[in-house]
Every structure is written in C-alpha cells, then in structure tokens.
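Q: I'll drop the sequence and a predicted model, then ask my questions.
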Amino acid sequence: MVFINMHLQGHFKITLTPVYVSVVLRCWFVVVVVSSISVTGYSGGGVKITCKYKTKYAQNEKSFCRGDQTQRSTCSELIKTETKDKRVDSGRFSLYDDTSSAVLKVTIRDLNEEDSGTYYCTFGKTRGKDSYTEVNLKVIRDDCCEKSISLSAAAGGSVNISCKYPQSHINDVKFLCWRSGDDLCAEESSVTKKSKWINKGKIKLFDDREKQLLSGSISHVTEQHSEYWCGVQSDQGHKSFITRVTDEDDDTDDDEGLRIGDEDNEDNR
C-alpha cells in the first residue's frame, strides 16, 4: 500500500510512504499414503499382489498386515520375512521379496468375502511416507465362473481346459498356472491377444472374448495328481486366481502330479 501526497504549486510533488504488512502463515502437515493399489479377488480363489518399493528398502524386513498402518498397533501382522529372493509361507499367506526388481509379492489363498478390507505391504520398521503401500482388497462372488473343475487325462495324452471369466476382465491378460504346494503359480502360460492361439511348451491357450472363455490344452500329461488355476492379470501385474482345475481322481494333497512334461520346476516365486 502507498500513500500519495500531491501539491499543486506549479509542480507536482509526490511523496511515497511505504507501509509494512505482517503476514502469519499457518501450515498443516497431513500424513498421506504415497502408494495405494486396488485388487479384486474371487471367493474360493486367490490373489498375487505386487508391491513395489524403493531400492533403499531392499535389505529391510518386509511384512504384510491388515488394519491401519498409520497406527502400527492396529495393523495386525499376517506374515513377515527377512529372507531375500525366496518364498516364505504362513497359513494362507506367502511373501516373496524380489530384491532385483524391488517388488514384494504377496499371495493370499482360499479367499472368502470376509477377506475384503485394507491391508499394507511394509518395507521396514521406519515410518517414512514411502515405507509402505496400501492395498485395498475386494473379494466378490461371481456366478459367471465355476470355482472348481475336475478333468481326467490318460498318461501321455492331453487334456482340454475351458474357464469362464468375468466380463470386467475382458481386456486383461489371461493365464493358466500349475500349482506346486503353496505356490499357486509355479509355472505359467498366458495369452494377451484375443482370438489367437498361444503355444508355450506343452500348453496352448486361446482367449475367446466374445464368450468370456479361456480355452486351452495340456499335452504329455502324467497319471499323478495335478492342480492348475485359470485366472486374470491386471495391468498393474496383480493376479486373480478364479477357477481351480484338478484331476477327477484327485483325493490327496500330493504335489508331484500331472505336470507340463517331465521338466523340473525351479521357479518357486
């Protein structure tokens, strides 16, 4: 603000008087979640969630909890690991800390609708705003898709698989996984394009988006027990396991079963 004094005596005289103003600034600091992801799972199936972290947290302990991460005492820990690049299992939960990709992979099996809620991937005991990822999990029951399918195949022969998927996943990647123990996806074949057969080893897949149907075949099967899962993968890399496919004579928990050829599987992620 400026005051101006003017005197008319043949000349203009202008006097400028400065005015000083005091300003009080008030700041409010709000704790925010830097990363938040949403994942959809299906009752009776499972999910594999990918939580990315900064490389500075690579050597930290990782955990997965349910509740309010901003108040640690109310975030109930479900599983944790200090092990790097190896899967760790606890009940229905598994963790795999992939340090080369700076990703914590979380698997939840045998989902039910009560599992819907807010979870957190944590990357250490620090309270840094980038030290955790919020996971909003929604578990639904969709009548479009069977929870389980039983098939039979002669030793050395082939078996055909057909799995329906929800309309909301028409444009997502579809996959067929072989289960080994607690790992729902020890071996995977996937298809990203509609109306085109994809061949990978002993598995062929076809995504018929008009019928919302993933079709496939597995050749050179063995007589033993086997379990596969049909599912979808989001553009963020999260997997939803929808339909369990087993041999109709399966009445054990033997994990040695009907596999893709006789090759040993080394990827236990």
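A: On my side now, so go ahead.

Q: so where's the stretch 101-250 of the chain uncertain?
A: The model of the stretch 101-250 of the chain has pLDDT under 70 over residues 222-225, 248-250.

Q: now with 90?
A: 124-130, 151-159, 178-182, 186-187, 193-196, 200-202, 218-227, 246-250 (pLDDT under 90).

Q: Mind listing what's buried along stretch 200-219?
A: Residues of stretch 200-219 classed as buried: 202-207, 209, 212, 214-218 (neighbour count, 16 or more other CB atoms under 10 Å). Backbone N, C-alpha and C define where each C-beta goes, glycine included.

Q: Narrow the residues you listed to those in strands?
A: Using DSSP state E, the subset of these located in strands is 203-207, 214-218.

Q: ok so, going back, out of the buried residues of stretch 200-219, which comes closest to Glu82?
A: Ile203 (35.5 Å; CB to CB).

Q: and that closest one, what are its bridge partners?
A: Beta-bridge pairing for Ile203 (DSSP bridges): Lys200, Ile218.

Q: Distance check, it against Ala154.
A: 18 Å (CB to CB, to the nearest Å).

Q: I'd like the ones in strands among the buried residues of stretch 200-219 laid out as TSV, including distance to Asp98.
A: Formatted as TSV, these follow (distance: CB to CB, whole Å):
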residue	distance to Asp98
Ile203	24
Lys204	29
Leu205	25
Phe206	30
Asp207	27
Leu214	26
Ser215	31
Gly216	27
Ser217	31
Ile218	28
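
Q: Pro166: which of those residues is nearest?
A: Leu214 (11.7 Å).

Q: Enumerate every residue touching the closest one.
A: 161-165, 174, 176, 191, 205-208, 230 (CB atoms under 8 Å, 6 or more residues apart in numbering).

Q: can we see that at 6 Å?
A: 163, 174, 207, 230 (CB atoms under 6 Å, 6 or more residues apart in numbering).

Q: Can you tell me the SS state at the first one?
A: It stands for Cys163. Following DSSP: H, G, I helix; E, B strand; the rest coil, Cys163 is assigned to strand.

Q: Please, where are all the helices along the stretch 101-250 of the chain?
A: Taking DSSP state H, counting those that start in this stretch, the stretch 101-250 of the chain contains no helices at all.

Q: Quick check: end-to-end length of stretch 109-123?
A: Stretch 109-123 has an end-to-end distance of 22 Å (criterion: CA to CA, to the nearest Å).

Q: tell me which residues of that stretch are tucked away?
A: Buried, per 16+ other CB under 10 Å, within stretch 109-123: 109, 111, 115, 119-123.

Q: out of those residues, who's nearest Ser226?
A: Arg109 (17.1 Å).

Q: Now the closest one: phi and psi?
A: Dihedral pair for Arg109: phi -110, psi 160, per degrees, to the nearest 10.

Q: Can you tell me which of the buried residues of stretch 109-123 end up in strands?
A: 119-122.

Q: Spatially, which two of the residues you listed are the most separated?
A: Farthest apart among those - using CB to CB - are Tyr119 and Thr122, which lie 10.0 Å from each other.
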